[in-house]
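model this:
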Amino acid sequence: MEQQRIAGASGFWGVASAFGVTMAGTTLPTPLYPLLQRDFGFGEPTSTALYAIYAGGVVVALVLFGRTSDVIGRRRVLLAGLACAALSAVAFLGATGLSGLFLGRVLSGLSAGMVTGTATAALGELHPRGDRARAALVATVANVLGLGCGPLLSGVLATVAPAPLHLPFLVHLVLLVPAALAVWRAPEPVRRDPGVRVRIERPALPVEVRPVFVPAATAMFAVFAVFGLVTAVEPSFLVQLLGVRSPLVPAAVVFAMFAGSAAGQVASRGLPTTRALSVGCAVILVGVGGFAAALAVGSAVLLAAATVVVGGGQGVAFRGAVAAIGARAPSHQRAATMSSFFIVVYAGISVPVVLAGAASTRWGLEASGLAFTAGVALLIVVALIATATGVRRTATGASAAGRGR
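Numbering: from 1, shown residues only. A predicted model of the protein is given here:
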């Protein structure tokens, strides 16, 4: 029994580490966009298109494979996602033109789409003590810390080492080897039914999840729109508007945002999940205001501080959303439910950013950035109202259920 517990704990942390390594690969290009623009000769719209096609790859993977791990097992889907991450690194290493960069980003998106929902579900099933709330916290921390470590790794290597457009992807390729071994050795939490066939299904929501899903998804769309702006466009803001030349600076700023997210998740463990959504959105609203002020006055320090505030608020809201949805999802549809949630998340990451990139060609980075922050602020206000309404409905439902008993 003790041996099984140790094996379960080892598998739990192995999947968490593989989750983080995969997500790190998705943000490796973030501080490199100005260098890529210089070497490959493209502008801001192409940078946002590269980011958007990554998010498109995520959504495609979530739609096509969202339920797959519920049928064939978590391990197989996780290994397939790690393989796509490795192929993405190879595509970047061999890229001689835009086609190679786009291929690398599509493969990176596919890897994130396969791993995100599957790893989140697997961690909930592999926790040694069956603590789903703590497992959800580990999943979200692994997710955001991985996203934060990617730009930090590439930013440091681009500053102090040769071949800045190649070495980060080579290092990531090496890191994927122990990650794959950890997944291979982890217990398989899904009991496979040989009679069930894998089939493509439209994203669907179990009835049990819908009361919490709508307010949580509305909030996360707004929250991740801000994250999309920071990871896709902020390096260009720092270089073009504020005169920052070192790739390490935008890398550090993006890492600080994700580190703030992880800190926010840990610090808000005592908050009820529904309350965490509202608190997180309120904090993000403050950060978005600081972001707009930084663009208006041209302050890199204020921009960095606002980014950290946004990260902290995102962490609080994201933890609440994942925990609330995971707690309501039926076990046989957990991965599919989380995949539906992440489809909304990645739509928030990609669609507004593409619009901002297109606007920058007509009105410039500063004007489009200010318009973007105004639009996101309005959306976050809507999310605050939606989450508050969701809290009242949940409380009313629980009270009615109690009277019924």
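
Please count neighbours and contacts with C-alpha atoms only from this point.
Noted.

distance of Val106 from Pro31?
Computed as C-alpha to C-alpha, to the nearest Å, the Val106 to Pro31 distance reads 18 Å.

And those two? Which one has more around it.
Neighbours around Val106 and Pro31, counted as other C-alpha atoms under 10 Å, are more numerous at Pro31. The numbers are 32 against 25.

Would you mind confirming that that one is in contact with Pro151?
Yes: between Pro31 and Pro151 a contact is recorded at 5.9 Å, counting by C-alpha atoms under 8 Å.

can you pull out the helices in the stretch 201-350 of the chain?
Read by DSSP state H, counting those that start in this stretch, the stretch 201-350 of the chain holds these helices, from start to end of the chain: 210-236, 248-267, 273-297, 300-328, 334-363.

Return the set of buried residues in stretch 42-51.
Going by neighbour count (16 or more other C-alpha atoms under 10 Å), the buried part of stretch 42-51 is Glu44, Pro45, Thr46, Ser47, Thr48, Ala49, Leu50, Tyr51.

tell me the mean pLDDT over it?
Regarding stretch 42-51, the rounded mean pLDDT is 77.

Also stretch 108-123?
pLDDT averaged over stretch 108-123 equals 90, rounded to a whole number.

now that stretch, how far from the centre of its chain.
10 Å (C-alpha atoms, centre = their mean, to the nearest Å).

where in the stretch 101-250 of the chain is pLDDT low?
Across the stretch 101-250 of the chain, the stretches falling below the confidence threshold (pLDDT under 70) are 192-204, 231-245.

Low-confidence stretches in the stretch 251-400 of the chain?
Counting by pLDDT under 70, the low-confidence segments of the stretch 251-400 of the chain come to 335, 357, 360-361, 365, 387-400.

distance between stretch 215-230 and the chain's centre?
10 Å.

Just the CA coordinates for it, please, in PDB.
Taking C-alpha atoms only, stretch 215-230 is exported to PDB below (Å, rounded to 0.1, in the frame of the first residue of the first chain):
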ATOM      1  CA  PRO A 215     -19.700  33.200 -15.200                       C
ATOM      2  CA  ALA A 216     -16.300  31.500 -14.900                       C
ATOM      3  CA  ALA A 217     -15.800  31.400 -18.700                       C
ATOM      4  CA  THR A 218     -16.900  35.000 -19.100                       C
ATOM      5  CA  ALA A 219     -14.400  36.100 -16.500                       C
ATOM      6  CA  MET A 220     -11.600  34.000 -18.000                       C
ATOM      7  CA  PHE A 221     -12.200  35.300 -21.500                       C
ATOM      8  CA  ALA A 222     -11.600  38.800 -20.300                       C
ATOM      9  CA  VAL A 223      -8.700  37.800 -18.000                       C
ATOM     10  CA  PHE A 224      -6.800  36.000 -20.700                       C
ATOM     11  CA  ALA A 225      -7.400  38.700 -23.200                       C
ATOM     12  CA  VAL A 226      -5.100  40.800 -21.000                       C
ATOM     13  CA  PHE A 227      -2.600  37.900 -20.800                       C
ATOM     14  CA  GLY A 228      -2.700  37.600 -24.600                       C
ATOM     15  CA  LEU A 229      -1.900  41.300 -25.000                       C
ATOM     16  CA  VAL A 230       1.100  41.000 -22.600                       C
END
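
what residues does it touch?
For stretch 215-230, contacts defined as C-alpha atoms under 8 Å, 6 or more residues apart in numbering pick out 254, 277, 281, 284, 288, 307, 310-311, 314, 317-318, 321, 341, 344-350, 352-353, 373, 376, 379-380, 383-384, 386-387, 389-390.

can we see that at 6 Å?
Applying C-alpha atoms under 6 Å, 6 or more residues apart in numbering, the set of residues contacting stretch 215-230 from outside is Ala321, Val345, Gly348, Ile349, Val353, Leu379, Ile380, Ala383, Ala386, Thr387, Gly390.

Switch these over to CSV; also include neighbour count and distance to Leu82.
Rendered in CSV, the data for these read as follows (neighbours: other C-alpha atoms under 10 Å; distance: C-alpha to C-alpha, whole Å):
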residue, neighbour count, distance to Leu82
Ala321, 25, 26
Val345, 22, 21
Gly348, 24, 24
Ile349, 28, 22
Val353, 28, 26
Leu379, 19, 34
Ile380, 26, 34
Ala383, 26, 34
Ala386, 19, 36
Thr387, 27, 35
Gly390, 19, 37
